[in-house]
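Enquirer: Structure of the sequence below:
(one chain, ligands or ions: 3)
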Amino acid sequence: MGLVVQKYGGSSVADAEGIKRVAKRIVDAKKNGHQVVVVVSAMGDTTDELIDLAEQVSPMPAGREFDMLLTAGERISMALLAMAIKNLGHEAQSFTGSQAGVITDSVHNKARIIDVTPGRIRTALDEGNIAIVAGFQGVSADSKDITTLGRGGSDTTAVALAAALDAEVCEIYTDVDGVFTADPRVVKKARKIDWISSEDMLELAASGSKVLLHRCVEYARRYNIPIHVRSSFSGLPGTWVSNENPQGDAQVEHAIISGVAHDVSEAKITVVGVPDKPGEAAAIFRAIADAEINIDMIVQNVSAASTGLTDISFTLPKAEGHKAIDALEKAKSAIGFDSLRYDDQIGKISLVGAGMKTNPGVTASFFQALSDAGVNIELISTSEIRISVVTRQDDVNEAVRAVHTAFGLDSDSDEAVVYGGTGR
Ligand code: ADP
Ligand code: ASP
Ligand code: MG
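Expert: Ligands and ions are numbered 1, 2, ... in the order given. Modelled structure (predicted):
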């Protein structure tokens, strides 16, 4: 029996009962002969509550202190979980990200892992302990300050540790039975997927399916770590995410469409009245990049011949909206645009599937489904295996259901179960 890494999300450890339930599961894995490393998230909506608290004290808290605050959430759950396991008669030790050897760059609030040196975890395991690690956090190699990996970052901690410890599998325990063809909170008829390729999962995650964080999938793909997403509330097998189909590609035909993702966490900025000449887009996106903001979709209108001016719209995480507006306002005279428009009432719907490459009708059917549902499209972007559109936020749920049905993804048997969580 080898080493397993198990990650429990906030919804699985939302209260004392949850922590005791999870502790039993962990002890069972240990009793089955595994060495067990557990990565745990903050309890329930603790991280959101800490963010709300920080905002009441300061509108733009300094990154260093903000990270210090947020890592407290995971420290609470790791210590309680270790106590609950000891109470069941097994040895457990908890470790912060820094103690576990999660080394990052120094970008606060969204640090990247640059190295994992899990010496203390190895020692703890060799001494017969279950090792509990606080997810979502590390320590900067340069500044030695505590960092966080961005929302949902415990998934990445888990895969990074699984890679560094050469684990058999990284199990991600959550509040649904696996990865579904759409968010089960929105589509009751969503279907559980038994296996999904890392490639398709990466696109779903990047398009807003928060059941797995895209950085975690990226990491798992690079280090060839199989992920098993499953519920901590049921004993059911979940979804395997890996580079190669375990049953061999010949036996299982690739689904044309893997699923529908949606995202309401983005906002849209329109830069109005941009002179239509070389270098303007470069200047706008240089200002955004210098503020360390990641953008998603970009659309540039055709310029009006009479004015020689054009508009450029792009989407970005709502949480970075203020920062982006500030950065552009500062560069306004240098760039020479007229004004900025900010819209945080947008939503994005994406259809993902490797089969799209070879099935020409997919795009047309997608747009038809949206039109039949009366949903207006504002922006469009595509990759080889994904089509995304931006719509009004109020239309998103309806649009996801319409597209799910149109592509024949609705399950004809059970309704998808959501065991916990608030969906926040
Ligand atoms: P955790 O607290 O375990 O990290 P998250 O809330 O981050 O849980 O992720 C689980 C949630 O992801 C589910 O409750 C579900 O609402 C949402 N989700 C979005 N898309 C999907 C999908 N395609 N399949 C399963 N869950 C999804
Ligand atoms: N607690 C952090 C969050 O809520 C990290 C995580 O849960 O993965 O984003
Ligand atoms: Mg999560």
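
Enquirer: Find the nearest non-adjacent residue to the residue in the stretch 301-424 of the chain that ligand 1 sits nearest to, please.
Expert: Ligand 1 sits closest to Gly421 of the stretch 301-424 of the chain, with a gap of 4.9 Å, by C-beta to the nearest ligand atom. For glycine as for every other residue, the C-beta is placed from the backbone atoms N, C-alpha and C. Nearest residue to Gly421, sequence neighbours excluded (C-beta to C-beta, 6 or more residues apart in numbering): Ser11, at 3.4 Å.

Enquirer: now Arg401
Expert: Per C-beta to C-beta, 6+ apart, closest to Arg401 is Val187, 5.6 Å.

Enquirer: Please name the residues that touch that neighbour.
Expert: 180-181, 260, 400-401, 404, 410, 416 (C-beta atoms under 8 Å, 6 or more residues apart in numbering).

Enquirer: for Arg75, same thing?
Expert: By C-beta under 8 Å, 6+ apart, the residues touching Arg75 are 96, 134.

Enquirer: Make sure Arg21 is actually in contact with Gly235.
Expert: No - look at Arg21 against Gly235 with C-beta atoms under 8 Å: they stay out of range, at 11.8 Å.

Enquirer: between the two, which one's more packed in?
Expert: A count of neighbours by other C-beta atoms under 10 Å puts Arg21 above the other of Arg21 and Gly235, at 16 against 8.

Enquirer: Val27 reaches Ala84, doesn't it?
Expert: No - contact status for Val27 versus Ala84: not in contact, 9.3 Å apart, counting by C-beta under 8 Å.

Enquirer: who's more crowded, those two?
Expert: Each of Val27 and Ala84 has its neighbours counted (other C-beta under 10 Å); Ala84 has more, 23 against 18.

Enquirer: Assumed that one was part of a helix.
Expert: Yes - when DSSP: H, G, I helix; E, B strand; the rest coil is applied, Ala84 is found to be in a helix.

Enquirer: ok, now how distant is it from ligand 1?
Expert: Distance of Ala84 to ligand 1, computed by C-beta to the nearest ligand atom, to the nearest Å: 18 Å.

Enquirer: Name the nearest residue to that residue, sequence neighbours excluded.
Expert: Ala84's closest residue in space is Ala23 (C-beta to C-beta, 6+ apart), at 3.7 Å.

Enquirer: The one you found looks like it's in a helix, true?
Expert: Yes - assessed with three-state DSSP, Ala23 lies in a helix.

Enquirer: can you pull the contacts of the most centrally placed residue in the chain?
Expert: Nearest to the geometric centre of the chain sits Leu213, at 2.6 Å (C-alpha atoms, centre = their mean). If a contact means C-beta under 8 Å, 6+ apart, then Leu213 has 150, 152-153, 155-156, 205 as its contacts.

Enquirer: would you list these in TSV and tack on distance to ligand 1, secondary structure and pLDDT?
Expert: Formatted as TSV, these follow (distance: C-beta to the nearest ligand atom, whole Å; DSSP: H, G, I helix; E, B strand; the rest coil; pLDDT from 0 to 100):
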residue	distance to ligand 1	secondary structure	pLDDT
Gly150	12	coil	94
Gly152	5	coil	95
Gly153	10	coil	97
Asp155	7	helix	97
Thr156	12	helix	97
Ala205	9	helix	97
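
Enquirer: Most neighbours of all these, which one?
Expert: Ranked by neighbours (other C-beta under 10 Å), these are led by Asp155, which has 31 neighbours.

Enquirer: Now for that one: which residues touch it?
Expert: Contacts of Asp155 by C-beta under 8 Å, 6+ apart are 7, 135, 172, 212-213, 215-216.

Enquirer: where in the stretch 151-300 of the chain is pLDDT low?
Expert: Applying pLDDT under 70 to the stretch 151-300 of the chain picks out residues 248-255.

Enquirer: Up against ligand 2, what does it have?
Expert: 151-155 (C-beta under 6 Å from any ligand atom).

Enquirer: What's the nearest residue in this protein when you look at ligand 1?
Expert: Counting by C-beta to the nearest ligand atom, the chain gets nearest ligand 1 through Gly9, at 1.9 Å.

Enquirer: Spell out the residue ranges of the helices in the stretch 151-300 of the chain.
Expert: 154-164, 198-206, 214-223, 280-290 (DSSP state H, counting those that start in this stretch).

Enquirer: Mean neighbour count, those helices: which tops it?
Expert: Of the helices of the stretch 151-300 of the chain, the one with the most neighbours on average (mean count of other C-beta atoms under 10 Å) is helix 154-164, at a mean of 28.
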